[in-house]
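J.: I'd like to go over a predicted model; first the sequence, then the structure.
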Amino acid sequence: MNISSKVLAICAILNSSIYSNAFQPLAVGGRTRSITQQLSATTNPEDLEAILFDCDGVLADTERDGHRAAFNQAFEENDLNLVWDVERYGVLLEVGGGKERMTAHWNEVGWPESIPDGEGRQTKVKELHLRKTEIFMDLIDAGKIPLRPGVLRIVDDAISAGIRLAVCSTSNEKAVSNLVLTLMGPERAEKFQIFAGDMVKAKKPAPDIYNMAVKTMELDKSRCVIIEDSHIGLGAAKASGISCIVTKSSYTGQEDFTGADMIVEQLGDDAESGVTLNILSSLLKQPST
């Protein structure tokens, strides 16, 4: 990009709703990164090798009316006399992973008499989680949970540009794969690699799932961007050493995203006012000089 082109690009964005509404100047390491820095000569989509998406809250706003509802139906079917309301489930989202979430809840409030102590306890938790996953996939198949704005646009642009795609999630692998296939279609789904569920022992905020994706796909971390929606996910991204943009979701709007490379309300369906490949490229880690 030559000097005159760069100036024109900066002027266009300063006059657009991207800068005024979609996101604010972002803090990086305690400093504010200016729009000029974001649109430096390195902001070329060809520099971007891969986009690593979280699933829940990023691809679709699944937590409140998807996973929570599925957990509650599984609890009802098993006569557990338990309903996670919106507020309680928001607290439990501090724990990564569905089986871990149930375990944390019952460790705190006491275990039901129908789930005895011993080896059978975790067996029952696994059974509940499998049933919850089936219910959740039925909700996806029924079209009850749509993709978030801008996801398909970014995915299609990335595919056209030859940028590799992955989903890195603490959710069940089958559920994640089904969501991508059902909501994006088979042609897009085949472009994704899925890293999810129990593929790693340590779940977010540990960086293991992102490190696995990088190793498996043989990626250069400095040329990848992670899209997350929660401070737990952001913690995993930061620990992995990969740039991260946060797109807030229904449960995470008030969380602390200190350290994110950029924070937006959504990716946005409109390329003129939403996140683009150029913007994602601007977040890439710069080589040390």
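T.: Done, it's in.
J.: so where is the protein shaky, pLDDT-wise?
T.: 1-43, 287-289 (pLDDT under 70).
J.: And the helices in it?
T.: Remark: helices assigned in the chain by DSSP state H are 3-14, 17, 35-38, 68-77, 86-92, 98-109, 119-141, 151-160, 173-184, 186-189, 208-217, 231-240, 277-282.
J.: and the gap between the nearest residue to Lys174 once chain neighbours are set aside and Gly66?
T.: Nearest residue to Lys174, sequence neighbours excluded (Cβ to Cβ, 6 or more residues apart in numbering): Thr133, at 6.3 Å. C-beta coordinates here come from the backbone N, C-alpha and C atoms, glycine included. Thr133 sits 11 Å away from Gly66, going by Cβ to Cβ, to the nearest Å.
J.: quick one, what contacts the residue nearest to the spatial centre of the chain?
T.: The centroid of the chain falls nearest to Asp54 when counting by Cα atoms, centre = their mean (2.3 Å). Going by Cβ atoms under 8 Å, 6 or more residues apart in numbering, Asp54 touches Val167, Cys168, Ser169, Ile226, Ile227, Glu228, Asp229, Ser230, Gly233.
J.: what does Cys244 give?
T.: Per Cβ under 8 Å, 6+ apart, neighbours of Cys244: Val225, Ile226, Ile227, Glu228, Gly233, Leu234, Ala237, Lys238, Ala260, Asp261, Leu283.
J.: Next, count neighbours for the second one.
T.: Looking back up the chat, that one is Ile226. 30 (other Cβ atoms under 10 Å).
J.: picking that back up, list just the nearest of the contacts of Cys244 to Val214.
T.: Ile226 (10.4 Å; Cβ to Cβ).
J.: That closest one reaches Asn211, doesn't it?
T.: No - contact criterion Cβ atoms under 8 Å: Ile226 and Asn211 do not qualify, at 11.6 Å.
J.: tell me, what's touching these two both at once?
T.: In contact with both Ile226 and Asn211: Ser240, using Cβ under 8 Å, 6+ apart.
J.: Next one: the residue nearest to Pro205 when sequence neighbours are not counted from Thr258, what distance?
T.: Excluding its sequence neighbours, the residue lying closest to Pro205 (Cβ to Cβ, 6+ apart) is Gly235, at 3.3 Å. Distance of Gly235 to Thr258, given as Cβ to Cβ: 10 Å.
J.: and the two? which has more neighbours close in?
T.: Under the criterion of other Cβ under 10 Å, the comparison of Gly235 against Thr258 puts Gly235 first, with 18 against 11.
J.: how close does the more buried one get to Ala69?
T.: In terms of Cβ to Cβ, Gly235 sits 27 Å off from Ala69.
J.: got a winner among the contacts of Asp54 for most neighbours?
T.: For these, the largest number of neighbours (other Cβ under 10 Å) sits with Cys168, at 32 neighbours.
J.: shouldn't Ala166 be in contact with Met199?
T.: No - with contact defined as Cβ under 8 Å, Ala166 and Met199 do not form a contacting pair (11.9 Å).
J.: Look at those two and report which has more neighbours.
T.: For the pair Ala166 and Met199, the greater number of neighbours falls to Ala166 (25 against 17), based on other Cβ under 10 Å.
J.: beta partners for that one?
T.: The partner list for Ala166 in beta bridges (DSSP bridges) reads Leu52, Gln193.
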